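> Give me the fold of what follows.
(one chain, ligands or ions: 1)
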Amino acid sequence: MKKLSRRSFGKLVTGVGLSLVVGGTELRLLRSAAAAVVTPSIDGTAAWGAAAAREPINVLSRKPIGIVVHHTTNLNTNDFSRSTAHIRARQIQQSHFNRGWIDTGQQFTISRGGWIMEGRHQSLSALSGGTTHVQGAHVDGHNDTHIGIECEGIYTALAPSLPQWNKLVALIAYICQQYGLSADTIVGHRDLGSTSCPGDTFYALLPQLRSAVATTLNGGSVGRMWPTVRRGTSATGLATLIQYLLRARGATITADGAFGPGTEAAVKSFQSANGLVADGVIGAATWEKLIMTVRAGDSGEAVKALQSQLTTQGYSLTVDGRFGSGTTTRVQSFQTNRQLTADGVVGINSWNHLTM
Ligand SMILES: [Zn+2]
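Okay, here's the model as predicted:
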């Protein structure tokens, strides 16, 4: 880049960014020519065994202007393997053929286990090039302008899995970088049409998704992700988990899965006692104070919290508050699926994954 003398600029501001006024036009140069976003690993259509598209793909000679987040509404499988992700991708393509579409509707798919896959053929090469857009079939009226990402699972009452969330942030940051989009262009399907997609719980996380993507684009690192839970939540599993943990901390509430005024008051009381902002909302800071490490031989309300959430996640067992061999087996199975150390001890990483 040609070096310009300081006198060339009408205004020079340092700090978060540079503002330059050149010929009356202000140019804003954001923080350094930030380190490029890491290119995520994406399994192309050949890798997952896609059938050929039934008609030629329409590749538009322009960039997309936004990104649409969807959920597939498939059951939340606990099989996080790559092979199962590929099976799901083939099932989705077939179901879209059955609707009369020429190929998979969305451009990209992310499995529960966090495997990113190309959806419609040529989407990956278009993204790599950064100048064209593959016309999809995922959002009425916006298929010529928006990239669609289908997240495997149903997120009305449960958040996406943590591996899935992390890959979603990585993929969208890469898409934004390739097409020069800002994180503000991320929308939920329901923002563009009459649908509940991507589910209430997922939709409520979109502000955090935009924030995490913006941080990634600016070269920052994203902190541990926790779902935000507040009074009136439809995430009854998470509400029950929180209630048991509050009971373990001495609250005298019932763990009924309904996050009402009594639970909110107990949260505020816990927050006050722990030097947190007493707003009654469970965010990252509150989660990290509320959880407690449990292991084989422990008993009580924190173990019930674990057992009820394992059940919500599909590792069904009796909520009896006794951490015996059955609980250990399920914890280890869960840890293995999440690529955590399968030691049966439930510390902050396991709790973090259990909430998502
Ligand atoms: Zn959708």
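
> going forward, measure contacts between C-alpha atoms and count neighbours the same way
Will do.

> neighbours around T77, how many?
Neighbour count for T77, taken as other Cα atoms under 10 Å: 15.

> ok, now which ones touch it?
R112, G153, G314 (Cα atoms under 8 Å, 6 or more residues apart in numbering).

> and the gap between the second one and Q164?
Pointing back at G153 there. G153 sits 10 Å away from Q164, going by Cα to Cα, to the nearest Å.

> And for the first one?
As judged by Cα to Cα, R112 and Q164 stand 5 Å apart.

> right, and the secondary structure at the residue in the chain that the ion sits nearest to would be what?
Of the residues in the chain, the one nearest the ion is H70, at a distance of 4.0 Å by Cα to the ion. Judged by DSSP: H, G, I helix; E, B strand; the rest coil, the three-state class of H70 is strand.

> you'd agree it is up against G148?
Yes. Contact between H70 and G148 holds when scored by Cα atoms under 8 Å: they sit 7.2 Å apart.

> interface residues of this protein facing the ion?
H70, H189, C197 (Cα under 5 Å from the ion).

> Tell me the one among these nearest to T336.
The closest of the residues of the chain next to the ion to T336 turns out to be H70 (Cα to Cα; 27.0 Å).

> Neighbours of the closest one, how many?
28.

> returning to what we had before: find residues that contact each of G153 and Q164.
Joint contacts of G153 and Q164 (Cα under 8 Å, 6+ apart) are S111, R112.

> F334 is in contact with T341, correct?
No. In this structure T341 lies outside contact range of F334 using Cα under 8 Å: 10.1 Å.

> the more surrounded of these two?
F334 (23 against 12).

> Look up how far N349 lies from that one.
Distance, F334 to N349, by Cα to Cα: 12 Å.

> Would you confirm that T195 contacts H189?
Yes. Contact criterion Cα under 8 Å: T195 and H189 qualify, at 7.1 Å.

> Just want to know which of the two has more residues nearby.
Neighbour tally, T195 and H189, criterion other Cα under 10 Å: the higher count belongs to H189, 24 against 11.

> Skipping adjacent residues, who's closest to F259 in space?
Leaving out its chain neighbours, the residue that sits closest to F259 by Cα to Cα, 6 or more residues apart in numbering is R231, at 5.1 Å.

> That neighbour against G262, yeah?
No. Applying Cα under 8 Å as the test, R231 and G262 come out as separate, 9.5 Å apart.

> Which residue ranges of the stretch 101-250 of the chain form helices?
Using DSSP state H, counting those that start in this stretch, the helices of the stretch 101-250 of the chain run over 123-129, 162-179, 200-204, 206-217, 236-248.

> any idea of the angle the fourth one forms with helix 162-179?
Counting by axes from the mean of the first three to the mean of the last three Cα atoms, to 10 degrees, helix 206-217 points 60 degrees away from the direction of helix 162-179.

> circling back to that earlier point, give me the number of residues near the residue nearest to F259?
Neighbour tally, R231, other Cα under 10 Å: 18.

> now V187
22.

> Just the buried positions in the helix or strand containing W351, please.
Per DSSP states H and E, W351 falls inside helix 348-354. By neighbour count, and taking 16 or more other Cα atoms under 10 Å as the criterion, the buried residues in helix 348-354 are S350, W351, N352, H353, L354.

> List the contacts of the closest residue to the fourth one other than its chain neighbours.
Using Cα to Cα, 6+ apart and skipping the chain neighbours, the partner closest in space to H353 is L162 (5.9 Å). By Cα under 8 Å, 6+ apart, the residues touching L162 are M225, H353, M356.

> Save the residues you listed as TSV, and put in pLDDT and distance to L245 too.
Formatted as TSV, the contacts of L162 follow (pLDDT from 0 to 100; distance: Cα to Cα, whole Å):
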residue	pLDDT	distance to L245
M225	94	19
H353	97	16
M356	94	16
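
> Which elements pack onto the helix holding W351?
Helices and strands touching helix 348-354, by 3 or more Cα pairs under 8 Å, 6 or more residues apart in numbering; DSSP states H and E: there are none.

> wait, Y203 sits on D191?
No. If you go by Cα under 8 Å, Y203 and D191 don't touch, sitting 9.7 Å apart.

> Could you measure from the nearest residue to R210 once chain neighbours are set aside over to L209?
Once flanking residues are discounted, R210 sits nearest to A183: 5.1 Å by Cα to Cα, 6+ apart. Counting by Cα to Cα, the gap from A183 to L209 is 8 Å.

> Ok, N74 next?
On the measure of Cα to Cα, N74 and L209 end up 22 Å apart.

> what's the answer for P40, then?
With Cα to Cα as the criterion, P40 and L209 are 17 Å apart.

> quick one: which of the two has more around it?
Ranked by neighbour count (other Cα under 10 Å), P40 and L209 place L209 first, with 23 against 15.

> which residue packs closest to that one, ignoring adjacent ones?
Of all residues not flanking L209 in the chain, V169 sits nearest, at 6.7 Å (Cα to Cα, 6+ apart).

> picking that back up, was I right to think the residue nearest to R210 contacts V213?
Yes. Here A183 reaches V213: they are 6.0 Å apart, a contact under Cα under 8 Å.

> Between the two, which contacts overlap?
A173.

> With neighbour numbers in mind, choose between those two.
Using other Cα under 10 Å as the criterion, A183 and V213 rank with V213 on top: 27 against 24.
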